[in-house]
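Visitor: no sequence on this one, just coordinates:
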Ligand SMILES: [Zn+2]
């Protein structure tokens, strides 16, 4: 599969084996113990902090310069920065974190040794 197809698939957060069952528990980014469709044991996956570290670097490298630019041109009070960038960061984390974690789990399933 191509990178873009994998990324599009990761946005759906589906089982990397059958590509149909749900990957995460409801309202969580913890993988389900077992796929409801193919019964793959998804609870065994361990992506560690990979997705979180990726987001820290990505959002830190994009949001901090944006905050500096906004502060330079508009000089809003500190509480505006806190509300604005806190909301932006929280929204991006809610959208991106499951996709990044799903992508890492997909790569783990694709490249791990066969048993
Ligand atoms: Zn499955």
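Guide: In hand now; what should we look at? Note that the coordinates shown come from a computational prediction; the quantities given were computed from them, not determined experimentally.
Visitor: where does the protein come near the ion, residue by residue?
Guide: 15, 17-18, 21, 35, 37-38, 40 (C-beta under 5 Å from the ion). Heads up, the C-betas are built off the backbone N, CA and C, glycines and all.
Visitor: one more time with 8 Å
Guide: Neighbours of the ion within the chain, by C-beta under 8 Å from the ion: 14-21, 35-40, 42.
Visitor: Nearest to residue 79 among those residues?
Guide: residue 14 (40.5 Å; C-beta to C-beta).
Visitor: Report the beta-bridge partner residues of the closest one.
Guide: Listed beta-bridge partners, residue 14: residue 22 (assigned using DSSP bridges).
Visitor: contacting residues around the residue positioned nearest the centre of the chain?
Guide: The centroid of the chain falls nearest to residue 97 when counting by C-alpha atoms, centre = their mean (2.1 Å). Contact analysis of residue 97 by C-beta atoms under 8 Å, 6 or more residues apart in numbering lists 29, 51-52, 55.
Visitor: Of the residues of the chain next to the ion, which is the most crowded?
Guide: residue 15 (25 neighbours; other C-beta atoms under 10 Å).
Visitor: isn't that residue right up against residue 22?
Guide: Yes - Residue 15 is within contact range of residue 22, at 7.3 Å (criterion: C-beta atoms under 8 Å).
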